[in-house]
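Participant: test case, fold it:
(chains A and B)
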Amino acid sequence: MAVRPATEKRSRASAPTSATRKTGKISNPAINYQVAEFDKDDELKAYHDMLLIRRFEEKAGQLYGMGLIGGFCHLYIGQEAVVVGIQKALREGEDQVTTSYRDHGHMLACGMDPKGVMAELTGRQGGYSRGKGGSMHMFSREKQFFGGHGIVGAQVPIGAGLAFADKYRGTDNVSVVYFGDGAANQGQVYETFNMAQLWKLPVIFVIENNRYAMGTSVSRSSAQTDFAKRGESFNIPGEQVDGMDVRAVKAAADRAVEWARAGNGPYILEMQTYRYRGHSMSDPAKYRTKDEVQKMRDERDPIEQVRKRLVEKGWASEDDLKEIDKNVRAVVTEAADFASADAEPDPSELWTDILR
Amino acid sequence: MAIDILMPALSPTMEEGTLTKWLKKVGDDVKSGDVLAEIETDKATMEIEAVDEGKLLEILVAEGTEGVKVNAVIARVGEEGETAAAKPAAAQAAPAEKPQPAAPASSTVPAAPVVKVEADPDLPAGTQYESKTVREALREAMAEEMRRDGDVFLMGEEVAEYQGAYKISQGLLDEFGAKRVIDTPITEHGFAGIGVGAAFAGLKPIVEFMTFNFAMQAIDQIINSAAKTLYMSGGQMGCPIVFRGPNGAAARVGAQHSQDYAAWYGMIPGLKVVMPYTAADAKGLLKAAIRDPNPVIFLENEVLYGHHFDVPKLDDYVLPIGKARIHKAGKDVTIVSFGMGMSYAIKAAEELAGLGIDAELIDLRTIRPMDIETVVNSVKKTGRCVTVEEGWPQGSVGSEIAYQIQANAFDYLDAPVGRITGKDVPMPYAANLEKLALPTVGDVIEAVRAVTYR
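Facilitator: Got it, this is the predicted structure:
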């Protein structure tokens, strides 16, 4: 299950060739592997956006260690290319996003304010949910981010429901649902696949295969480890993507979005990615070797890949990159300071927002 | 600027730990992501990674030290040449204690707000009534609301082409088309979740469960997603959805198909739970449920679908959710029930009248929010109360009513509150056993005689 290098040809994608009920014929989506063309601005933006997530998560880990963040805290470090690449293919403020509890990166990629996200992590009144949701439960209607869901797999039908609303209203918006290789074994996922294809809902299922469902590896939990094939019996096209290369993610997302936006129904993208940290802050990650993690960090790091290209192409000097890092750190520090100093919610908030 | 490295909390409950090993030594370069040390918590041995970059200037807690408190300074990282002593307090210096939020929150629990529910609307003088079944009333409610609001749609098993498993949705497909009357596959968990997502997006789904027994497959989406998201989002997200269908025992369908969920859903903050008895209430309350911006559980009863009641002939008959209805005034005892339970209570009241006992009969209509005020006011008058429902006894709706009465009308009580429920057994199939498992009119009469000492 190695994450394959970006140059490898992709041929395993399982776009359906059999007939579907409605159209009688389904055209084969573009499945040949390719990376999206990134110009200097694209590379610099991807670098910045991924670095923001990484530094934000590192800071969140630090604040957790200081006891400022409580409960569960699931970090996204290592998986940054997935959300940043997908988001580049979406129309911000129109296309909807839902994900699981490992959601900080998704919120930042959707353009949510780091201060509001961090303040929610610390349970303060300035948090996106006014301190009442926490790390796993945050939303932004303005940015079309529909959570942050704490129950493994529950976001999948919800994301399809958002797509149902798009179709019902006759818009050409799409809905992106992120879930992990662990959630991919939940029953409601397949109930949703069935209805999404039956009703041709404009939904893109992004399976973030980071190889471990908490502590259980994909091979120990999944009879079919090729997650791009999980939609085959519903005739949902799917492809495996190098989720460590933001350009490959973007290219795949473009195909999926085009497919769904054109009214062809759902699309599955299996993102082969990797989380460097444990499942949550209290997970020592003894189920894998240190070498495995180190190898991934050294050879496949999504941010390092962009950094290298920027330098090689002469699009950024080391000083330029340091400047970006400095700016990102400043944003994160500001968020952390805000989240540490902001007041806890007023006790009266206990009773608000239960009913409308 | 030197940066203090603190003993981290590595689980939701950790207060101290053992610093088992340093993996960097003084003078080493440290960069973000490097493992600095190993910490043993109550759960596991964890690595702590550096977040900042620089040189390890100083180690303040030797490896092997036990009982190191969370947030104690264990090391310092900084620029080369910088000494720890020179800059004791840095930008991220560890405070001696956990940083406190700006305004310390009060630990006093604020009082729950009291929400006043309006009374039933006065009917215009000369309002005509017509006899309708509960089935017809429910169908009219849905049709009227679908005509009124294009965002309302119906989804569920067999609701469209089959015309409804219990014919509640008969004719709706013809009038509103397949876009708004949607047959689903038999996948309650999935379509409940899709309904919730559509409601998050602002549509107003009516999700029909063929029976509420099958909604157990969907209960996670109902409670964790529909009921809690408004709160968890600090008020940003709403979920205007109705989950409806037959609830409770039908007849001879056995344990898995005969269960009353009033008390289950009645416990959940973020839900409204309605359980009507008459056709007029079914119509007025379903229309209110569809218009309500909150998730509403609408519990119907298969046995009642065919019962006839008088329904006001009005263009737009809407009733308030959360208001009980005094079905019959009386002075000797208060009988509180809802849904199918009312049929036992009404017959019992008729027979009790023959015994000279004048019962006041309250139909709760809504389980949540519960109109306990109406019940308490009645008990203050009668001094006695019996509750009637088909559900199980432990944690029943009747148990909650009994608690509320003793809390709010203790001094008015002349007898302990009587509680009639289904028996504490799975529903048996055999006709005789099924009869024994359900409440009877006789049970109610007996309970009333006990609390009235007659």
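Participant: switch to C-alpha atoms for all contacts and neighbour counts from now on
Facilitator: Noted.
Participant: just the strands in the stretch 151-300 of chain B please.
Facilitator: For the stretch 151-300 of chain B, the strands defined by DSSP state E, counting those that start in this stretch cover B:152-156, B:181-183, B:204-208, B:242-246, B:272-274, B:296-300.
Participant: what's the last one in contact with?
Facilitator: Just to be clear, that refers to strand B:296-300. B:212, B:240-247, B:261-262, B:265, B:271-276, B:286, B:289, B:339 (C-alpha atoms under 8 Å, 6 or more residues apart in numbering or on different chains).
Participant: chain center to that strand: distance?
Facilitator: Mean-position distance between strand B:296-300 and its chain equals 11 Å (C-alpha atoms, centre = their mean, to the nearest Å).
Participant: could you export it as PDB, CA atoms only?
Facilitator: Provided in PDB are the C-alpha atoms of strand B:296-300 (Å, rounded to 0.1, in the frame of the first residue of the first chain):
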ATOM      1  CA  VAL B 296     -39.500  17.400  15.300                       C
ATOM      2  CA  ILE B 297     -40.300  13.700  16.000                       C
ATOM      3  CA  PHE B 298     -43.900  13.100  15.100                       C
ATOM      4  CA  LEU B 299     -45.200   9.900  16.600                       C
ATOM      5  CA  GLU B 300     -48.300   8.500  15.000                       C
END
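Participant: relative to strand B:242-246, how tilted is that strand?
Facilitator: 10 degrees (axes from the mean of the first three to the mean of the last three C-alpha atoms, to 10 degrees).
Participant: same check on the third one?
Facilitator: Following the same axes, to 10 degrees, one obtains 20 degrees for the angle between strand B:204-208 and strand B:242-246.
Participant: quick check: angle from strand B:204-208 to strand B:152-156?
Facilitator: 20 degrees.
Participant: point out the most buried one among the strands of the stretch 151-300 of chain B.
Facilitator: strand B:272-274 (a mean of 29; mean count of other C-alpha atoms under 10 Å in any protein chain shown).
Participant: that one near chain A at all?
Facilitator: No: Strand B:272-274 is not in contact with chain A by C-alpha under 8 Å from any C-alpha of the partner chain; minimum separation 8.6 Å.
Participant: partner strands of that strand, with direction?
Facilitator: Strands adjacent to strand B:272-274 in the sheet, as given by DSSP bridges, are strand B:296-300 (parallel), strand B:366-368 (antiparallel).
Participant: neighbouring contacts of it?
Facilitator: With C-alpha under 8 Å, 6+ apart, strand B:272-274 has contacts from B:262, B:265-266, B:285, B:294-299, B:321, B:365-369.
Participant: and if we set it to 10 Å?
Facilitator: A:355, B:227, B:242-244, B:261-267, B:281-282, B:285-286, B:289, B:292, B:294-300, B:321-322, B:338-339, B:364-370 (C-alpha atoms under 10 Å, 6 or more residues apart in numbering or on different chains).
Participant: among those, name the buried ones.
Facilitator: The neighbour count (16 or more other C-alpha atoms under 10 Å in any protein chain shown) marks A:355, B:227, B:242-244, B:261-263, B:265-267, B:281-282, B:285-286, B:289, B:292, B:294-300, B:321-322, B:338-339, B:364-370 as buried among the contacts of strand B:272-274.
Participant: where along the chain do the helices fall?
Facilitator: No chain specified, so I'll use chain A. A:40-65, A:80-87, A:104-109, A:114-121, A:155-169, A:187-198, A:218-221, A:246-261, A:290-300, A:302-312, A:318-341 (DSSP state H).
Participant: try chain B instead
Facilitator: B:134-148, B:172-176, B:188-200, B:219-220, B:229-232, B:262-266, B:279-291, B:341-354, B:372-382, B:397-408, B:431-437, B:441-452.
Participant: is there proximity between the first one and chain A?
Facilitator: No: using C-alpha under 10 Å from any C-alpha of the partner chain, we find that helix B:134-148 stays clear of chain A, coming within 14.2 Å at best.
Participant: and the pLDDT at the residue nearest the centre of chain A?
Facilitator: The structure's chain A has its C-alpha centroid closest to residue A:83; by C-alpha atoms, centre = their mean the separation is 4.0 Å. Note on residue A:83: pLDDT of 98.
Participant: same question for residue B:84.
Facilitator: Looking at residue B:84, the pLDDT reads 51.
Participant: ok, back up a step: out of the helices of chain B, which is closest to residue B:18?
Facilitator: helix B:229-232 (35.8 Å; C-alpha to C-alpha).
Participant: and chain A, is that closest one touching that?
Facilitator: Yes: interface with chain A: helix B:229-232 contributes B:229-232 (C-alpha under 10 Å from any C-alpha).
Participant: can you redo the residues you listed as CSV with distance to residue A:45 and pLDDT?
Facilitator: Listed next are those as CSV, based on distance: C-alpha to C-alpha, whole Å; pLDDT from 0 to 100:
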residue, distance to residue A:45, pLDDT
B:229, 33, 97
B:230, 34, 98
B:231, 35, 98
B:232, 32, 97
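Participant: hmm, back to that, quick one: which of the strands of the stretch 151-300 of chain B is nearest residue B:221?
Facilitator: Per C-alpha to C-alpha, nearest to residue B:221 of those: strand B:242-246, 11.1 Å.
Participant: and that closest one, average pLDDT?
Facilitator: On average, strand B:242-246 scores 98.
Participant: packing partners of it?
Facilitator: strand B:152-156, helix B:188-200, strand B:204-208, strand B:272-274, helix B:279-291, strand B:296-300 (3 or more C-alpha pairs under 10 Å, 6 or more residues apart in numbering or on different chains; DSSP states H and E).
Participant: if we can go back for a sec, go through the helices of chain B and pick out the most buried.
Facilitator: helix B:188-200 (a mean of 30).
Participant: that one packs against which elements?
Facilitator: Using 3+ C-alpha pairs under 10 Å, 6+ apart, helix B:188-200 is in contact with helix A:155-169, helix A:187-198, strand B:152-156, strand B:204-208, helix B:219-220, strand B:242-246.
Participant: tilt between it and strand B:152-156?
Facilitator: 170 degrees.
Participant: restricting to C-alpha, output helix B:188-200 in CSV.
Facilitator: Extracted C-alpha coordinates of helix B:188-200, given in CSV (Å, rounded to 0.1, in the frame of the first residue of the first chain):
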residue,chain,number,x,y,z
GLU,B,188,-33.1,4.3,7.3
HIS,B,189,-29.7,5.3,8.5
GLY,B,190,-28.7,6.6,5.1
PHE,B,191,-31.9,8.5,4.1
ALA,B,192,-32.3,10.0,7.6
GLY,B,193,-28.8,11.4,7.2
ILE,B,194,-29.5,12.7,3.7
GLY,B,195,-32.6,14.3,5.1
VAL,B,196,-30.5,16.0,7.9
GLY,B,197,-28.0,17.2,5.3
ALA,B,198,-30.8,18.7,3.1
ALA,B,199,-32.2,20.4,6.2
PHE,B,200,-28.8,21.8,7.1
